[in-house]
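Enquirer: below: sequence and its predicted model.
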Amino acid sequence: MADFLMPKAHHGKFRALIVFAFLMYFIPRYSVAQTILLRGQVKDNQGNPLAGVTVVEKGTTNGSYTDDRGNYVLQGVRPDATLVFSIVGMKPLEIPVTGKSNVNATLESATVGLNEVVAIGYGTVKKQDLTGAVSSVDGDVIAQRKTARVSQALQGSMPGMMVTRSGGAPDASATVRVRGVTTIGNSDPLVIVDGVPGTLDWVNPNDIESISVLKDAASASIYGARAAAGVILITTKRAKAGQMKLTYNYEYGVDKPTRVAKNADARTYMRVLNERNWNDGGNVQGNEFPIYPQSVIDNYDELSKQDPGKYPNTNWQDLIFRKSTDHQSHRLTLTAGSDKIRSLFSLDYDRNNFLYDGRNYNRIMFRSNNDVRLNNLFSVSIDLQGIYSEDREPGETFSPSPSSYGVGPVYAAMWPDGRVAPGKSGENTYALAKYGGFSKTTAKEIGGKLSLDFTPIKALKITGTVAPELYSSKGKRFTKQIPYTNYDDPDFIAGYITGATSTSLSESRPDNYSFTTQLFANYVNSFGKHNINAMLGFENYYYFSESLNASRENYILSSFPYLDLGNENYQYNSGSAYENAYRSVFGRILYNYNNRYFLQVNTRMDGSSRFAKQYRWGTFPSISAGWAISQESFMKGVRWLSYLKLRGSWGTLGNERIGNYPYQSTIGFGSTLVYQGSQIVSAQDAAVSQYAIPNISWETTETFDIGADFAFLDSRLTATVDYYKKTTRDMLLDLEIPDYIGLDDPSQNTGKMYTKGWGIEASWRDRVGKVRYSASVNLSDSRSVMGDLGGTQFIGSQVKFKGSEFNEWYGYKSDGLFQTTDDVKNSPTLNSNVGPGDVKYEDLGGASGTPDGKISSEYDRTLLGGSLPRYLYGGNIHVGYGSFDFSASFQGVGKQISQKTAAMVEPFLAQYIEVPQLIIGKYWSHYNTDEQNLKARYPRVSNVGNSNNYAFSDYWLFNGAYFRLKSVTLSYNVTERLCQRLRISSAQVYASGTDLFSLDHYPKGWDPEASSYWVMKSIIFGISLGL
Amino acid sequence: MKYKMLFFIVATFLCSCNKLDLNPLSEGSSENWYENETEIQMAVLKLFNIDYWDAALTRIASGSGGYSHQWTEAFTDNWTARATLTEIDGATINSQTSFVNITWQNAYRCIAAANRVIMNMDRARGTVSDDKLELYEANSRFARASQFARLIFYYGDVPYYTGILSIDEAFDMSRTPKAQVLDSVYADYDYAIAHLPTSYGAGNYQLATKGAALALKGRIALYMGDYAIARDALEDCIQLGVYSLYPDYGKLFLSSTKNSQETIFANPRSVDLGVELPPSGRAKEPLPRIVGGFANGGPSWDLLCSYLCTDGLPIDKSPLFDPHDPFKNRDPRCDETIVPFGSQWLGFVYQPHPDSLKTLNLNTGGLVANSDNRAVDQYASYNGLVWKKGIDEDWLDLKTDPDNIVIRYADVLLMYAEAKIELNDIDPSVLDAINQVRARAYKVDYKDVSSYPAVTTTNQGELRTILREERRMEFAFEGTRYADLIRWHLAGKALNNHPIYGMLDPGDLRTKVVDKGLWFFPSKPDIDVDGLPDFTKMYEAGQIKLLVQRKFDTTKQYLWPIPATEIEINPNMSQNEGY
């Protein structure tokens, strides 16, 4: 009962600390009596050592803590005493000493999982007391994913988390959505790190103790402002009393793209280009080789060997990219805890290389979490955390899209004698990457939190927090001029590589800071069977951002990347600034009767600087209730059901993330060149650029959630089921206004959106003999449908309008490829240049509502199904035997309509880019037989046909579902005996594989998640030593 | 002690509140703008931003979502870019075509900004003199009229308004008939003509002038077929006596010739000040390959063949034309617009002849590989031609800054002549106007009729043909050809029946043309009454290559479509016929 009333995880420790303090005072007295020295180890029922367990001699204040290995030493124990072992989340255990000098204990969790302590914002609560939808994940699970960024590691870890990667670049964040999309505007969840607003990717994954995600309004409304898209609470690790350990960890990983799409070779490239121009020239007989003569194509490989300058044969991929790359990290952690001071310090250094030269991402992160108990009334925690990161890029960076890295294979990147070649008329990404200079961004972030707990009476704790965060970065892009020469004229500069026509330097210095202050009080008490946990608080937040940019052009020297050396005639600079702030008052009451009937009421009032005074404040209440049926007396006979709780919640949440001054019509400044006499001057101009909506105010999301928590079979199997409905009203969205208003689309409160979804998670934990094992799986789905958007529509290949899904595909309905000229003549077409081999579209409508005999974008495009992933799933498996541990995790999407993008399938992007190998032999061609053409999967090669063929239609949609094995880890803990011999306290070696394989229907060479970078599969080896 | 401490903590935190009334830091507030001359002037200057006045270039959205630019000449039969076509001459234009959207947006941005100045300038009345306010209003109305003129020319009926639109008002609007918009355009121009100065003092910003308002009023009147209004406005412009033709046609368009006496309205560019031509790295398009250009976007054979010979006759009629030396005996503007074979160009001798594998580097005096020859570089100009007009060594930096000439005096003269010809009001002033333009090309006095092929006929039909030929010669590469093809309803004929031709591939070219002594043109193309050359004979003889067939859908393309989103969000908006 007392445990239930603890508002915070460390409250228990706090109490223990007091006990310890008294102990110190009383030790001399007991030393007089007949006592013994006790040692022992404490483990959980999985066999894992438990650190931080309080060991107290019953009826006295004599006590101690277990260290990291679960070991404790307790002096001055009477031989007939009884020891009490206790730690939050476990059943307390009493063991009589009966004269032994070694007492080991195994602690059981009363109801596994449900007894976990979960952060809920300005406090913590045991999972079994929750009435809202909160998922949590252990820090170990995050660390095991072996990603540099937390956002990437969250994928598949919890139900309702939609994490979208844009590839596997170590410096890339993933997009995180909690329970689908809630608004057209900003749907990023609010991230709270140790109680203050923070940034997901500025947290070191290894520093995380646990992550809680507040999914429904009842849980999240304590963060009313900005909480509509869910709240991610990160709790970082802290030292426990009795710990004293230094750990060093080293990891090395080899990374290789999961898949790489191939491009056609030089001969194919020429053949297809000839065919394309022949098609566009009207397929005139005798004109089949409009660009490359047949003799050249047939003999190209030979010609190229003889004269590679005149007949270049460049494999841009092989030239630019390595087959694999690597990354490594060093990590040092010191934990030290005494009764008064507990400190954790961690330092991390990672080096991440990329697939090509000149690009890397290196990072140093540190965190220091300190807890100090000043006296019975006051304790302080001082946290400090910082990052220094260095992102270095060559003059050109690459993505899996062929247009990013190469032109056709018939263009030379370098001449055989090592001179820079023009590529395609100066388009030479290889030269840019190699000689085009560099861009370097160093970011510095430092954040701190000073928090003071004041406990005037036992049940009341008042906490004041001050948390500044400073960020500044330094960008330097130095572009070097790259002259190129023609093959047979080495002495004459024939031109400069595009993007490197002059040497120039541009520097940027964005700078921002935020400041959070909080004051809140937690009151926890019990009156008989009535248990109350109340919280009242106040928060203040301010954010300021300023940027400065300067550049000079036309450097004469190319080895001095400093502004001073640039040409003074070509110097430019700019700067801007903005700020925003909010203020909030909030409160929460948790009440339960006899652990059976639960009620929680929250409310929060937020005022935001983004709105005009009279529309500034929003109030976000929520209420939730739960009924632990399994605790009822009539359920006691049901043995297989260990726990069952039904819960329901309702509440509202807010969102205000739109511009900074949307209610004010602002004047934007610019410059216009004008003659003043015969001089040209740059005169400052001014114009209103955005339509102002003075009464703009909060967007609100109303959430209704019902759920149940189960535990079966002695709590070995636990499960949680949730169903929810969200309605977003007064959506802050860019209202599509007629362009003839002449201003940018404004944000305004308009529109509704409905999201429905469900999520299930289940986990199983057991041990069979010496084998410990556990497994957890989660599955969730959500679907968002747009309501009345106040006349607004978002039209493109993905649309949002009344009745559509959020970002539903929108385009023409295709009907295969045109096979014959007659077919074209007798069918409606998008334009008059359509011919056989082009994509045929269905004439769905016209101005009068009926098909009008032509294909037009206004009347013939239609909804083609949702673009968002559905049926997201994920899971973890863990098996342990003796010193070995094996774990694996997987993740996937059950259903998704995906698009074959231009980068995947369109030949000759920008006229001269590579031809994807996967279309070869599969496109419609005049050279094919009719049967072959009937089976063709891609339209004819044509330039004039492109605007028809690649107009957005369902022709390019396919089933994008996938399953991915996220990570596999095998670790071995060196035995205690060996450690002792080596004079270390622990040692572990492990090997991991991440993103090892996936199952999907993506076009050959394309990974489901590769977009701005390849997805990398990594093999990682690590060693961890503890002193 | 406990409670003192508690009080202290609470007080500390509550005092740390920051205020929520935050105002923009690096932008102005519109609440108190337009209240003094500086603020009004800044708002008016915005209307003269080059973004709203692209003359030869049209904005299109580039792949990354930013703006890129496309030469409007590429829409016409003056242009060849290998086998590529634009949305206009490929007939793929639709309501989502990016330049259709961006041209619309930019025009209305300027209009909205102009309206805002006009509606709000009363705030400054009293602080700023009425004369000054009138001047700013006149400039604003000039800008507004010019934007609406552009809109009705491209789109036909368009939403017209003069105030500051609220969203509700905007959704209630539909398209105003073109004729009605045109009347308002005339009214704005008339106000501008009455209140704008003929020139500005040396210390003042040179915004629009009376002459500019007259000239642009004349232009839209002519484009819309109001010949009498056009004639009167253009005549008034000529009568101002402020403008004259720049003596050197070739130099007029270079970055070294700024704000000449021929310029009536232009926006300056300056590389130093960050406004350059052409933006978005398109400078390589017209440059020859030997200096690192693409030679992909150059003059068409149609253009080359439409220059008259020095006897004033089209090439099929003139005995002076030699198909084997097509630059000989041609109107001087031919040499100034297209680089003649064998001439010195950007430091090299330009020679696309397939046997000229080497060419002279004039800077070093040595021979270098001639990459403007398709036998050396397969991407050398497919038809052997590259642009010269407006280009000089300044372009080799890939950034240059000639004025963005919106209208110049030669256009006023030729439009004046055209208006009078169409009105059949043919008098000596018509011939003088045409002859002045033509004589300037020959660098002679137009009265010295023996020194150049002066126009003498007074037959309306003949003059119409002459005028059209003259406009094509005079304004190539300036972006007026597209408007001319549209308003003369000639686009269908000029584009549909005239494919883009080029030279045969080097091997064939040698055997079928060069070896037989047929270089450059194997024969004389025929020129029709509209000045359009016909190469069918050569093509059928297998002597030239058809690069690509142009296409223009005459059922709809004489107007652009209204942007798709405007129709999708507003039920009151209708689409143009055929889209």
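Expert: Good, I have the coordinates. Computed from a prediction, not measured in an experiment: that's the story for all the values here.

Enquirer: now the helix or strand containing residue A:348: buried residues?
Expert: Here residue A:348, judged by DSSP states H and E, is contained in strand A:341-353. By 16 or more other CB atoms under 10 Å in any protein chain shown, the buried positions in strand A:341-353 come out as A:342-346, A:348, A:350-353. No exception for glycine: its C-beta is placed from N, CA and C like everyone else's.

Enquirer: the stretch 301-450 of chain A against chain B: which residues are in contact?
Expert: A:377, A:422, A:425-426 (CB under 8 Å from any CB of the partner chain).

Enquirer: top of the residues you listed by neighbour count?
Expert: residue A:422 (28 neighbours; other CB atoms under 10 Å in any protein chain shown).

Enquirer: after the strand holding residue A:348 comes which helix or strand?
Expert: Heading C-terminal from strand A:341-353 (DSSP H and E), you reach strand A:360-373.

Enquirer: return the alpha-carbon coordinates of that next one using PDB.
Expert: Taking C-alpha atoms only, strand A:360-373 is exported to PDB below (Å, rounded to 0.1, in the frame of the first residue of the first chain):
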ATOM      1  CA  ASN A 360      31.300  11.400 -41.700                       C
ATOM      2  CA  TYR A 361      29.400  12.100 -38.600                       C
ATOM      3  CA  ASN A 362      31.200  12.200 -35.300                       C
ATOM      4  CA  ARG A 363      29.700  13.000 -32.000                       C
ATOM      5  CA  ILE A 364      30.700  13.400 -28.400                       C
ATOM      6  CA  MET A 365      27.900  13.300 -25.800                       C
ATOM      7  CA  PHE A 366      28.100  13.500 -22.100                       C
ATOM      8  CA  ARG A 367      25.600  13.400 -19.300                       C
ATOM      9  CA  SER A 368      26.000  13.900 -15.600                       C
ATOM     10  CA  ASN A 369      23.000  13.200 -13.400                       C
ATOM     11  CA  ASN A 370      23.600  14.000  -9.700                       C
ATOM     12  CA  ASP A 371      21.300  13.700  -6.700                       C
ATOM     13  CA  VAL A 372      22.200  15.300  -3.500                       C
ATOM     14  CA  ARG A 373      20.300  15.000  -0.300                       C
END
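
Enquirer: now that strand: buried residues?
Expert: Residues A:360-363, A:365-371, A:373 are the ones in strand A:360-373 that count as buried (16+ other CB under 10 Å).

Enquirer: the residue of the stretch 701-850 of chain A found nearest chain B and residue B:19: what is the separation?
Expert: Closest contact between the stretch 701-850 of chain A and chain B, by CB to the nearest CB, is at residue A:742 (2.4 Å). Remark: distance between residue A:742 and residue B:19 (CB to CB, to the nearest Å) = 34 Å.

Enquirer: same check, this time on residue A:894
Expert: 49 Å.

Enquirer: just the helices from the stretch 1-150 of chain B, written as ranges.
Expert: B:2-15, B:37-47, B:98-120, B:130-155 (DSSP state H, counting those that start in this stretch).

Enquirer: for the residue of the stretch 351-500 of chain A found nearest chain B, which three-state class applies?
Expert: As assessed by CB to the nearest CB, chain B sits closest to residue A:495 within the stretch 351-500 of chain A, at 1.8 Å. Here residue A:495 is recorded as strand under DSSP: H, G, I helix; E, B strand; the rest coil.

Enquirer: show me what it is bridged to.
Expert: residue A:484 (DSSP bridges).

Enquirer: residue contacts, residue B:20?
Expert: Counting by CB atoms under 8 Å, 6 or more residues apart in numbering or on different chains, residue B:20 makes contact with A:581-583, A:607-609, A:616.

Enquirer: now, which of those lie close to chain B?
Expert: Applying CB under 8 Å from any CB to the contacts of residue B:20, those adjacent to chain B are A:581-583, A:607-609, A:616.

Enquirer: phi, psi for the most centrally placed residue in chain A please.
Expert: In chain A, the C-alpha nearest the mean C-alpha coordinate belongs to residue A:151, at 2.6 Å (CA atoms, centre = their mean). Backbone torsions of residue A:151, given as degrees, to the nearest 10, read phi -60, psi -40.
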